[in-house]
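1. Sequence plus the predicted model coming up.
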Amino acid sequence: MEQITIRNYINGEWVDEPGVNYVNLDNPSTGEIVGRVPFCTEKTADNAITAAQAAFESWRKVPVAARTAYLFKLYDLVQANYDDLAYTISYEQGKSPVDAHAEMVRVVENIQSACAAPLVIQGDFLENAGPGIHGEVIPQPLGVCGLIVPYNFPAMVPFWFLPYALAAGNTVVLKASEQVPITMQKIFRLIDQLGLPKGVANLVNGDAKVAGAILAAPDVKAVSFVGSTNVAKIIASSCAATGKRFQALGGAKNYFVVMEDAKMDQVLKSFTTSCYGCAGQRCMAASVIAAVPAVYDQLKDSLVAEAKKLKVGDATDPTVGVGPVISAAHKEKVLKYIETGIKEGAKLLLDGRSVELPEKNKNGYFIGPTIFADVTPEMTIAQEEIFGPVVCLMKIDNLDQALKQIKEHQYGNGASVFTQNGYYAHKFMQECDAGMVGINVGIPAPVAQLPFGGVKNSAFADIKAQGRDVFSFFTTRKIVTSRFFPED
Ligand code: NAD
């Protein structure tokens, strides 16, 4: 793939900000430079917001079916470029081809789901709300919406929001992750072919500076954010202070609970994809395996055996199960967690720190599958989000103990239980303090037609991403009470 210089897309034009710093982008599988991204300033954000604001009044009046017609066209273009986009995700983000294809499936699903706008964003009418008085509820678009997204899903996370915001009649300024801007650059080349009115969809690039300008702008009416909890808190407080609607999805630490009657072959299959897919850099990755005594020792051996079967290597190789983590800095952070786990007394069953790699991947950011056993809930590796291929195996007495630990944890994104017992399953479904729960499903990440989001430090604000919920986020409900008098 040739080297790429990332550009901004503002008011229907590809533009650059003069004099800004460019930062090199590298392929995490090899460390090779693959392009450069501009770290734009407030000027670029302000230009994009001005364009989006100017486009809003006419875009909101485009009939909703005509707005979604652009999305049908986008669906066709994305399908036609599906393989290239999936390859780009592997190449710039480092997830395996299987994971990159799974991400593209969700992009396509979210476009399809947003095409339901004409049916989903209808309002309500209450006849005779009072004597001769009628009440109406009219969902209306908000205006300019800012989208700020993370590195681990360069295509999918923006599509939890972008198609829905546009279908509902809003205009959009999207800030791509500065670590993985190439996929979104390519998707905006497709958006450029749609013939959308100028200013309806805008793309800006950079780091916290350009994001901060989106947060500060009075014309931005809503912000959808996905990223780390620390930044989610900044987004939440900044939006609250400036009167913006917001949804801010943060970090995670997901439990995978194994009961005595679990189907072990299914547990092992789900364990490898859930814990090591995207090298553990998924907000829905399982990172704590909590097992009851009847299966704990057996799991120690079989988790290690399964993890050892995974091939670690270049993310563009279709036979690879575990690609690199995103950067040298992130690799260092994950390695420090492994050292902390050892220091705190967890037992390192499988050490991924010195994985064998082909020559061309020697400068990539690899950590092989790593497993700690005898982890206890107060250990740092059990408390904090590691966001790498590191699994904490924990012995629990029973389901109640697992539920208690999940409840006491700072995060509450996802959690799964593996059991054939209906009582356990119902209890888990009902009492588990997480936003997304799986029963015999290792990655309980909902499809696009359903809402996506956690609780506690995993999400700030009630309205979730995707599906019907996100249409509620992108519309405000105006209530009209009216009456007319008979002619005299
Ligand atoms: P991050 O918080 O570092 O960055 C996310 C985005 O915020 C980037 O676009 C970044 O430029 C921007 N940003 C950084 N500092 C900012 C600031 N001070 N003000 C405004 N914007 C700022 O996250 P990341 O490392 O890119 O992504 C990984 C994190 O995302 C993990 O914690 C993961 O759990 C989380 N995540 C959560 C979900 C979910 O659904 N809950 C989904 C995907 C990823």
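-> Yes, it's here.

2. Dump the C-alpha coordinates for stretch 310-325 into PDB.
-> Extracted in PDB, the C-alpha atoms of stretch 310-325 (Å, rounded to 0.1, in the frame of the first residue of the first chain):
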ATOM      1  CA  LEU A 310      -3.000 -19.100  18.100                       C
ATOM      2  CA  LYS A 311      -0.500 -17.900  15.600                       C
ATOM      3  CA  VAL A 312       0.900 -14.500  16.500                       C
ATOM      4  CA  GLY A 313       2.000 -12.400  13.500                       C
ATOM      5  CA  ASP A 314       1.500  -9.900  10.800                       C
ATOM      6  CA  ALA A 315      -2.200  -8.700  10.900                       C
ATOM      7  CA  THR A 316      -2.500  -8.900   7.100                       C
ATOM      8  CA  ASP A 317      -1.800 -12.700   7.200                       C
ATOM      9  CA  PRO A 318      -5.100 -14.600   7.000                       C
ATOM     10  CA  THR A 319      -3.700 -17.400   9.200                       C
ATOM     11  CA  VAL A 320      -2.900 -15.100  12.100                       C
ATOM     12  CA  GLY A 321      -5.000 -15.200  15.200                       C
ATOM     13  CA  VAL A 322      -3.300 -12.400  17.200                       C
ATOM     14  CA  GLY A 323      -1.900  -9.300  15.600                       C
ATOM     15  CA  PRO A 324       0.200  -6.500  17.200                       C
ATOM     16  CA  VAL A 325      -1.000  -3.900  19.700                       C
END
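
3. For it, give me every contacting residue.
-> Stretch 310-325 has contacts (Cβ atoms under 8 Å, 6 or more residues apart in numbering) with 28-30, 87, 90-91, 93-100, 272, 276, 278-281, 309, 331, 334, 352, 355, 357-358, 360-361, 364-369, 387-389. C-beta here means a position set from N, CA and C on the backbone, and glycine is covered the same way.

4. Mind checking the pLDDT average for it?
-> Mean pLDDT, stretch 310-325: 97.

5. Could you do stretch 383-395 as well?
-> If you average the pLDDT over stretch 383-395, you get 98.

6. same deal with stretch 181-198?
-> pLDDT averaged over stretch 181-198 gives 98.

7. If we go by neighbour counts, what in it is buried?
-> If you call a residue buried by 16 or more other Cβ atoms under 10 Å, then stretch 181-198 has these buried ones: 181-188, 190-192, 194, 196-197.

8. per-residue confidence averaged over stretch 455-463?
-> Mean predicted confidence for stretch 455-463 is 94.

9. rewinding a little: which of the buried residues of stretch 181-198 sit farthest apart?
-> Ile182 and Pro197 (26.2 Å; Cβ to Cβ).

10. what's the neighbour count on Ser302?
-> Ser302: 16 surrounding residues under other Cβ atoms under 10 Å.

11. Equivalent analysis for Gly313, please.
-> 24.

12. Hmm, Pro97 and Ser90 touching each other?
-> Yes - look at Ser90 against Pro97 with Cβ atoms under 8 Å: they come within range, at 5.6 Å.

13. More neighbours: these two, which one.
-> Ser90 (27 against 19).

14. how about the helices in the stretch 1-150 of the chain?
-> Along the stretch 1-150 of the chain, the stretches classed as helices by DSSP state H, counting those that start in this stretch are 42-61, 64-80, 82-93, 97-114, 117-120.
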